[in-house]
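*Asks:* fold the stuff below for me.
(2 chains)
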Amino acid sequence: MLMWFTLPDDGKTAAVDVADLFDAHAVFLHRHATRLLGAGPHVDDVVQNTFLIAHQKRETLTPGPELRGWLLRVLANVVAHEKRSFARRSRLSDALASASSTTTGPADADADGQAVWATLRQLPYAQAEAMVLFEFDGLSVEAIAELQGVREGTVYSRISKGRAAFLALWHVDDVDAQASLRRATA
Amino acid sequence: MSTPPLTRWRDDDAFKQATGVDLDAAAHAEPAVPDLSMLRETTLAAAEAGLVPAAAATAGMVSLTKVVWGVLLAFAVGVGIGVGASAVVDDELPTAPPVLVQAKAAPAPVTTTPQAETPSKTHPPKETSASALAARRRVSSPPKTTPTPERKPKTAPQKSALQQQMQRLELGEAALQNKRAPVAVREFSAGLLMAPDGPLSGELMLGLIDARLQQNHDAEAERLARDALQKPAWSSLRGQFEQALLKALLRQHKCAAAEVKWAQLSPALRGKWQAAVDACAPAAD
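*Replies:* Here you go, the predicted model:
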């Protein structure tokens, strides 16, 4: 069920040290998982499981920057494996965030930001991931395609569908907003 | 052939004003990446110990032979450590200073806020689960004995209840994943009883409905889902409750009701249930 990811294969393989891998990519993966799943101990679990799988496959991996994309796909598989649980935990963290915000009374901007994340996390994982990489990491469509292991057209499609779904959840009925949306996704 | 470049929402002020979608605020609201040194340590320890994530295990990444050898090796090492430790303890028992024990058995602290655990002098068993360690870092464990009202911390009692609810939720979810529905029912119910209107009560109810479905108590699940849909405080989970209700109806072959419920779902969710509703036998309704 989990093994549909592809391994980088240049013909020459060398064992990858999981400690080096962790030092190079853990911060990125942790931030990425937190954005898509919501903060909480489950993010640690996801990241740890990702590196444990990498450790198991270390003999077949080739050191290099392309490993980040491979790790992202493993992380997506780990999330998919426990999708229901993570979806619930994500909502849980959002509920906790809103609960704490009502007691401490932070600025409205913070509440707006949390609302954006809560909406993003309701999207299908691949679409949310593409949107996060595009909007928050500032990556190009080409770079996202490389990371996600898909064609550029697929990335365009994911971002467009993700945006439409996002705005549907955001309840955008405004005509101007729709026009702006068409312009932005054109 | 070439696709026009996408405009980023963050760069489109008109879009931001028209929709209220403020990605800059979202970027500022996201939590900073915590210190990952503990996670690194536990991950490397788990890797060294040859631990396998559940996802990988189900994919057949570890052969049975390796598991058997691992268990035998762990047993042998455990016996070795046990024998060695007992020998050391036997040697050192007479010289163990009793003063330290008295110092540890000091009277209960009078501070009102829960304190972080001080590290023990002895080496605790190595914990390799990231969430368990994180939970230990973030949430102080509940008292083992039933506390009297006087002993309860006076500050932030709501937070304590929230933490206990969260713990119930975690336990219930774990039980659900392990197909132990009765345990899940117990945990979710206990969490709900703690604070029926708390911020986690909706999640707990959702878990309880899932557990009832896992037990094949579909009528009960249907009743719970219908009640939950009547509760305004849980309106943010409406889609989830509607899906659970639809599932319960379909499993009981209440096709006409399922069709009505399906029509109430958002268009995005309808596709997911289209086939199931279509396949529902009208004769069994």
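*Asks:* please pull out the lowest mean pLDDT helix or strand from the chain.
*Replies:* Defaulting to chain A. Lowest by mean pLDDT, DSSP states H and E among the helices and strands of chain A is helix A:175-185, with a mean of 51.
*Asks:* actually chain B
*Replies:* helix B:98-104 (a mean of 37).
*Asks:* and residue B:247, how far from chain A?
*Replies:* The gap separating residue B:247 from chain A is 12 Å, by CB to the nearest CB, to the nearest Å. Using the backbone N, CA and C atoms, a C-beta is placed for each residue, glycine as well.
*Asks:* cool, and residue B:173?
*Replies:* As for residue B:173, its distance to chain A is 6 Å (criterion: CB to the nearest CB).
*Asks:* what's the pLDDT at that residue?
*Replies:* Here the pLDDT value assigned to residue B:173 is 86.
*Asks:* number of nearby residues for it?
*Replies:* 24 (other CB atoms under 10 Å in any protein chain shown).
*Asks:* quickly list the domain ranges of chain A.
*Replies:* As assigned by automatic domain parsing, chain A contains the domains A:7-106, A:123-186.
*Asks:* of these, which approaches residue B:36 most closely?
*Replies:* For residue B:36, the closest of the domains of chain A is domain A:7-106, at 5.3 Å, according to CB to CB.
*Asks:* name the helix or strand for residue 44, please.
*Replies:* Defaulting to chain A. According to DSSP states H and E, residue A:44 maps onto helix A:41-56.
*Asks:* sorry, should have said chain B
*Replies:* For residue B:44, the host element (DSSP H and E) is helix B:37-48.
*Asks:* returning to that earlier point: quick one, the helix holding residue A:44 and helix B:37-48 angle?
*Replies:* 40 degrees (axes from the mean of the first three to the mean of the last three CA atoms, to 10 degrees).
*Asks:* rewinding a little: helices and strands around the helix holding residue B:44, which ones?
*Replies:* helix A:18-37, helix A:41-56, helix B:130-138 (3 or more CB pairs under 8 Å, 6 or more residues apart in numbering or on different chains; DSSP states H and E).
*Asks:* I'd like these laid out as JSON lines, including mean neighbour count and distance to residue B:189.
*Replies:* Shown next, in JSON lines, are the helices and strands packed on helix B:37-48 (neighbours: other CB atoms under 10 Å in any protein chain shown; distance: least, CB to CB, whole Å):
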{"stretch": "helix A:18-37", "mean neighbour count": "20", "distance to residue B:189": "26"}
{"stretch": "helix A:41-56", "mean neighbour count": "25", "distance to residue B:189": "23"}
{"stretch": "helix B:130-138", "mean neighbour count": "17", "distance to residue B:189": "22"}
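*Asks:* would JSON lines of those with distance to residue B:210 and mean pLDDT be doable?
*Replies:* Shown next, in JSON lines, are the helices and strands packed on helix B:37-48 (distance: least, CB to CB, whole Å; pLDDT from 0 to 100):
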{"stretch": "helix A:18-37", "distance to residue B:210": "19", "mean pLDDT": "91"}
{"stretch": "helix A:41-56", "distance to residue B:210": "17", "mean pLDDT": "88"}
{"stretch": "helix B:130-138", "distance to residue B:210": "20", "mean pLDDT": "49"}
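*Asks:* quick check: which of these is nearest to residue A:160?
*Replies:* helix A:18-37 (18.6 Å).
*Asks:* give the other helices and strands that that closest one contacts.
*Replies:* Using 3+ CB pairs under 8 Å, 6+ apart as the contact test, the elements touching helix A:18-37 are helix A:41-56, helix A:67-81, helix A:83-104, helix A:108-120, helix A:125-135, helix B:37-48.
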